[in-house]
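Asks: What follows is a predicted structure for the sequence shown.
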Amino acid sequence: LMPKITTNEAFKRSLSALSLAQQRQVGARFVANVLDLTDETSLKKAQDTAGKIGVTAEELLEALADPRFYVRFEAIVSIARGGADPDLTEALIEVLKGNEPALSVIAAWALGRMGDERAIEPLREGLDARYRSVRAHCVRSLGSLEDAKVAPVLLERLAGETDEGLKLAYASALGQLEAE
């Protein structure tokens, strides 16, 4: 995936000379400056770009195993663009359950966008994730997937929640589910 996105040799040489920590900083700045996931226009541009380079499911799976954060992040965004694919859904479920919260958040978001019902149970399990951001994205994705069975759980959690971000996620999902 990365060779199809990054073709500038000078950039590649400069990046490879950096330490892993410095590469992560570059990746974080890239994400912050180029991919604003809260802006639908920016997201659509990123998805269109990924679609034009003809990335296969095998390449996306390979990119998910890459040690570089930003390569895995880009792979998840590209996967979210496509429809439901059993292998890609399973790979994102593994990322969701993994030990990198930033990627788990994006995986939860992607699973909600893909519309694959196989993601429902792992997203439900994500309601008890260690990190609030992962929980919030699991909640929102369950709303996107129209998982009406989770509505009573969300209502119960909303009533006892003190975190404003999670309250908003619960309310948003319940609104999508048209729960009372």
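Replies: Cool, got the structure.

Asks: Need the per-residue pLDDT for Tyr70.
Replies: Turning to Tyr70, the model gives it a pLDDT of 89.

Asks: same deal with Leu123?
Replies: Reading off the model, Leu123 has pLDDT 98.

Asks: ditto for Glu178
Replies: For Glu178, the model assigns a pLDDT of 87.

Asks: how many neighbours does it have?
Replies: By other CB atoms under 10 Å, the residues close to Glu178 number 9. Yep, even glycine has a C-beta here, placed from its N, CA and C like the rest.

Asks: Dihedrals phi and psi, it?
Replies: Torsion angles at Glu178 (phi, psi; degrees, to the nearest 10) stand at phi 50, psi 40.

Asks: Leaving out sequence neighbours, find the closest residue to Ile79.
Replies: Leaving aside its sequence neighbours, Ile79 sits nearest to Leu88 (CB to CB, 6 or more residues apart in numbering; 4.9 Å).

Asks: what's near enough to touch the one you found?
Replies: Counting by CB atoms under 8 Å, 6 or more residues apart in numbering, Leu88 touches Ala57, Leu60, Leu61, Ile79, Gly82, Met114.

Asks: The same query, at a cut-off of 7 Å, please.
Replies: Applying CB atoms under 7 Å, 6 or more residues apart in numbering to Leu88 gives the contacts Ala57, Leu60, Ile79, Gly82.

Asks: At which residues are the helices of this structure located?
Replies: Counting by DSSP state H, one finds helices in the chain at the ranges 2-5, 9-16, 20-34, 40-52, 57-64, 69-81, 86-97, 101-114, 120-125, 132-144, 151-160, 164-177.

Asks: which residue packs closest to Glu125, ignoring adjacent ones?
Replies: Lys97 (7.7 Å).

Asks: Tell me, how many residues neighbour that neighbour?
Replies: Lys97: 14 neighbours (other CB under 10 Å).

Asks: Model confidence score at it, please.
Replies: In this prediction Lys97 is given a pLDDT of 97.

Asks: repeat for the one 10 residues further on
Replies: For Ala107, the pLDDT comes out at 97.

Asks: Now which of the contacts of Leu88 would you call buried?
Replies: Leu60, Ile79, Gly82 (16 or more other CB atoms under 10 Å).

Asks: Could you measure from the residue nearest to Ile79 over to Leu158?
Replies: 31 Å (CB to CB, to the nearest Å).

Asks: try Gly115
Replies: 24 Å.

Asks: the more surrounded of those two?
Replies: Shown here are Gly115 and Leu158; by other CB under 10 Å, Leu158 has more neighbours (18 against 13).
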